[in-house]
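> got a structure for you, letters missing:
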């Protein structure tokens, strides 16, 4: 949530500039970021780094050796690990730093499992290491230092092939220590290049020991500490990931523009198609070609910039590599360069080779998407702010009066007493439990905001406890760091401190958070962290988290806030209930703790369009639970835009409408009866599909596969899919092409898959794959297609909330493929606890249609769960008319089923099989 121009805080008023777009002057460009500018001045060419092969040490799973910078004689330690699952880890740190450099904790699930390494060849300037199967080798060239990962005769990735490795070593400042006192090998020098790209020595560059941006000065007590490494990807033209940016799905070449920036920031009304940093940062890049998919995970939480450029592969091949490979000088190549302000180089290379393999590899490192309660996948109604308890009651009744389902109503910052989180405004929300109970009686829920800035107020219990426990972030002088945010002067809890996180989690206990109940969940906003009077609207980099500077940990802060909050919701139920926590700021691993949204968007068609690639990018790097504010946060949407946004949002993972406090009210029934009906229908489509969404999130939790996917994930050999971002897949079986243009009378959807068929889910019309299909649209149209060969389970009896539908019957939609077969899954549990994991209480079934026989079999015979749900109807697309349909139950009994056949559309409908959804059964068509 960006600052409101109605706020009385003068410092907030300073931020309230034009409502038209972001004020770019509040945020740095690469040229204004001293380390980025220094790193970018280094031109590709001869690297000063040389590997000292005589320092090689090899254990069963780790290879280490020293690198030396021949310009300044500083030595680095290189460590290589072969990891289970076709991954390689590369770490580079100073051999003898003046003090430890930050290494990111708590993001990896555990120490990755290693596998054996062996040196298979060595000469005076190189060594070759076996990486195991498929004839994979790693070639280490000594001078200049370079790494090449080779498979068979193909180089799949090179490191430092452009000579852009740069590691600014810790040093003492020249004016504080004489040269005679310096430690050997730690001379005060740093790389710089002249116009010819030749290295020269100079340690007196602006911004190395102090940096000023606008009115803020960064004291930089540790001096320059930045790091950089380049990666070359032969044969690759398409790279994706590194969210969060309001940009295309395929990452753009940054030559001649700013690099993509990863630095969590509260950006007021962000611009589209821009590499500027936004609220979250996941330093994972995915490459894809028809040959293979790979990933690069740069584990660093400091400010990071990523340059992307195109080249031709043959131009960077030389020496030892040419003994192994042959490559055309005209082959495409993408070069990626990572630059971070501090920390170490710790990079995981995920070698695929298939898209699903990369997702599995990354999930093995940082975990999978948390499995949300079913209700969190339903519709959420939010605005800044619902005024009081009566307003909440009126909106809740409005949904019932207009027959529109919803599960969650949300309360923004005005619900708290003077923006003191964990409290309720005593005049507006005097009886919060009464309000929550009223929602619970309708089987609905509420989300309240809890932000991580704490009002400095001696009468506020939360502030007093944090201060007394010394849990606040410190300023560079050791006092509690304070800045301005919604409550006015605020302190910022140090969420990097595990004791602080434990205490924070304890505050969600029902006896601590007065007025809370089990149907209240939490929203963490402003957790970049947002500091209205800070540099770039965030925390000063020289603030302190224990012994570490904020610059080291910045991008982790939001992850820690969400983690502590989710832990609190789990603990308040004694580990029984699954939490739901929405966060704005995030990092690698945030998928383990809940949902994210794309922040403070605007009621503009461009923002509707960009929500698709923004969520697709997040899904590729593990965060499946993504959505955008339906209708746009800023400004007021036209009725057409609002309807189209509901239609698109109904087919995105997180489905929430939200609006700024200065906008007119926009509940779904306020735009006239025709638009109310269109919005109602979109929301009802979401509810009917909840069984499919739930099954996909279960699979994402188990396997790490994204829920919302680019087409190329399922069609990796179809080049036509590689840049598509106006349509996408939900799982592998639904293709969605939302209408995102004003006044549209038609859209063109690409239906992939040569020899495959797709069915319009609304009309059941059949279309061949491998074609671009023009679809006429009206205001009621939501182009969605089901893949031939799939079975999707729906619940077509839509009620006021998902909880009211838990025991309702299922309808199976069977879309026959070109070979006349289909398969799908059905997953059922209690929809809200951890019993599916801890007690194996769930139903997981395989549904298969082949040779005119439809069957349901158990995929989890060791699980135990009973359900009241049953199979109400079966709809089969693309079949022929049978003479009979016979149901065979598990006990051997047989019964005839009623059926209808529409010969025009070739749709067969079987009515009331009546079997329990957890049972074994077979239906035979003759």
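Thanks, I have it. All of these numbers come straight from a predicted model, not from anything done at the bench.

> residue 723 touches residue 250, doesn't it?
Yes. Between residue 723 and residue 250 there is a contact under CB atoms under 8 Å: 5.0 Å. No exception for glycine: its C-beta is placed from N, CA and C like everyone else's.

> got any residues that touch both of these two?
residue 238 (CB atoms under 8 Å, 6 or more residues apart in numbering).

> what pLDDT does the residue lying closest to residue 835 once chain neighbours are set aside get?
Nearest residue to residue 835 in three dimensions, chain neighbours excluded: residue 841, at 4.2 Å (CB to CB, 6 or more residues apart in numbering). Note for residue 841: predicted pLDDT of 98.

> residue 841 is in what secondary structure piece?
Using DSSP states H and E, residue 841 sits in no helix or strand.

> now it. Its backbone dihedrals?
Here is the backbone geometry of residue 841 (degrees, to the nearest 10): phi -100, psi 90.

> ok, residue 484 next?
According to degrees, to the nearest 10, residue 484 has phi -100, psi 130.

> my guess is it contacts residue 490, does it?
Yes. Between residue 484 and residue 490 there is a contact at 6.8 Å, judged by CB under 8 Å.

> mind checking which of these two has more residues around it?
residue 490 (26 against 21; other CB atoms under 10 Å).

> what's the distance between the more buried one and residue 451?
9 Å (CB to CB, to the nearest Å).

> residues in contact with residue 925?
Residue 925 neighbours (CB under 8 Å, 6+ apart): 852-854, 879, 882, 884-885, 908.

> change it to 7 Å
852, 882, 885 (CB atoms under 7 Å, 6 or more residues apart in numbering).

> show me where the stretch 601-750 of the chain has helices.
Secondary structure of the stretch 601-750 of the chain (DSSP state H, counting those that start in this stretch): helices located at 605-620, 639-649, 673-688, 690-703, 711-714.

> now do the buried residues in stretch 776-789.
777, 781-789 (16 or more other CB atoms under 10 Å).

> show me what that stretch is in contact with.
With CB under 7 Å, 6+ apart, stretch 776-789 has contacts from 643, 647, 651, 678, 681-682, 685, 732-739, 744-747, 749, 751, 756-761, 775, 792, 813, 815-818, 821-822, 878.

> and those residues, which are buried?
Buried among those (16+ other CB under 10 Å): 643, 647, 651, 678, 681-682, 685, 733-739, 744, 747, 749, 751, 756-761, 792, 813, 815-817, 821-822, 878.

> would you confirm that residue 413 contacts residue 455?
No. Between residue 413 and residue 455 there is no contact under CB atoms under 7 Å: 11.2 Å.

> mind listing the shared neighbours of the two?
Shared contacts of residue 413 and residue 455, counting by CB under 7 Å, 6+ apart, come down to residue 419.

> chain center to the helix or strand residue 400 falls within, what's the gap?
Per DSSP H and E: residue 400 is located in helix 389-401. The chain centre lies 33 Å from the centre of helix 389-401; the measure is CA atoms, centre = their mean, to the nearest Å.

> could you do stretch 384-393 as well?
Per CA atoms, centre = their mean, the centroid offset for stretch 384-393 relative to its chain is 31 Å.

> on that earlier part again, which ones among the contacts of stretch 776-789 lie within strands?
Under the assignment DSSP state E, the contacts of stretch 776-789 contribute 734-736, 746-747, 749, 751, 757-760, 775, 792, 813, 815, 822 to strands.

> what comes up buried for stretch 389-403?
Here stretch 389-403 shows 389, 391-393, 395-396, 398-399 as buried, counting by 16+ other CB under 10 Å.

> name the nearest of those relative to residue 566.
The closest of those to residue 566 turns out to be residue 392 (CB to CB; 24.4 Å).

> skipping its backbone neighbours, what lies nearest that closest one in space?
Per CB to CB, 6+ apart, closest to residue 392 is residue 386, 5.2 Å.

> for that neighbour, report the pLDDT, please.
98.

> what of the one 5 residues further on?
If you check residue 391, the pLDDT there is 98.

> for residue 492, same thing?
pLDDT, read off for residue 492, is 99.

> excluding chain neighbours, what is closest to it?
Excluding its sequence neighbours, the residue lying closest to residue 492 (CB to CB, 6+ apart) is residue 473, at 4.6 Å.

> kindly report the same for residue 705.
Per CB to CB, 6+ apart, closest to residue 705 is residue 359, 5.3 Å.

> part of a strand, is that neighbour?
No. Under DSSP: H, G, I helix; E, B strand; the rest coil, residue 359 sits outside any strand and is assigned helix.

> so it sits against residue 702, correct?
No. Shown here, residue 359 and residue 702 do not form a contact pair, counting by CB under 7 Å, at 11.7 Å.

> so between these two, which is more surrounded?
residue 359 (27 against 15).

> quick one on the thing from earlier: so who does the residue nearest to residue 492 touch?
481, 492, 494, 543-545.

> which SS state does residue 92 fall under?
Relying on three-state DSSP, one would call residue 92 strand.

> what's the burial count for residue 107?
Neighbours of residue 107 (other CB under 10 Å): 18.

> give me the element it is part of.
Using DSSP H and E, no helix or strand contains residue 107.

> begin at 3 from now on, thanks
Got it, the first residue is 3 from now on, which makes the last one we talked about residue 109.

> for it, give me its contacts.
301, 368, 589-591.

> buried subset of those as a PyMOL selection?
Those of the contacts of residue 109 that count as buried under 16+ other CB under 10 Å are selected in PyMOL with:
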select buried, resi 301+368+589+590+591
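
> closest one of the contacts of residue 109 to residue 148?
Nearest to residue 148 among these, with distances taken as CB to CB, is residue 301, at 21.3 Å.

> look up phi and psi at the nearest residue to that closest one once chain neighbours are set aside.
In space, and not counting its chain neighbours, residue 301 is closest to residue 348: 4.4 Å by CB to CB, 6+ apart. The phi/psi pair for residue 348 (degrees, to the nearest 10) reads phi -140, psi 100.

> quick check: pLDDT value at residue 348.
The predicted local confidence for residue 348 is 99.

> verify the stated contact: it with residue 93.
Yes. The pair residue 348 and residue 93 qualifies as a contact (CB under 7 Å) at a distance of 5.1 Å.

> and the next element down the chain from the helix holding residue 402?
That would be, after helix 391-403 and using DSSP H and E, strand 410-413.

> contact partners for the residue nearest to residue 394?
394, 397, 411, 413.

> the third one contacts residue 396, correct?
To tie it back to what came earlier, the one meant is residue 411. No. Using CB under 7 Å, residue 411 is not in contact with residue 396; the gap is 10.8 Å.

> paired strands for the strand or helix carrying residue 339, with orientation please.
According to DSSP H and E, residue 339 maps onto strand 334-342. Neighbouring strands of strand 334-342 in its sheet, by DSSP bridges, are strand 229-236 (antiparallel), strand 306-314 (antiparallel).

> among those strands, which comes closest to residue 214?
Closest among those, using CB to CB: strand 306-314, at 19.4 Å.

> how about that closest one: buried residues?
Buried, per 16+ other CB under 10 Å, within strand 306-314: 306-311, 313.

> neighbours of residue 364, how many?
Residue 364: 27 neighbours (other CB under 10 Å).

> any idea how far residue 113 is from it?
For residue 364 relative to residue 113 (CB to CB), the value is 16 Å.

> distance of the residue nearest to residue 494 relative to residue 282?
20 Å.

> now residue 428
Counting by CB to CB, the separation of residue 428 from residue 282 is 35 Å.

> neighbour count winner among these two?
When residue 428 and residue 282 are compared for neighbours, residue 282 comes out ahead with 29 against 9, by other CB under 10 Å.

> residues touching that one, list them.
Residue 282 neighbours (CB under 7 Å, 6+ apart): 245-246, 266, 560, 587-589, 598.
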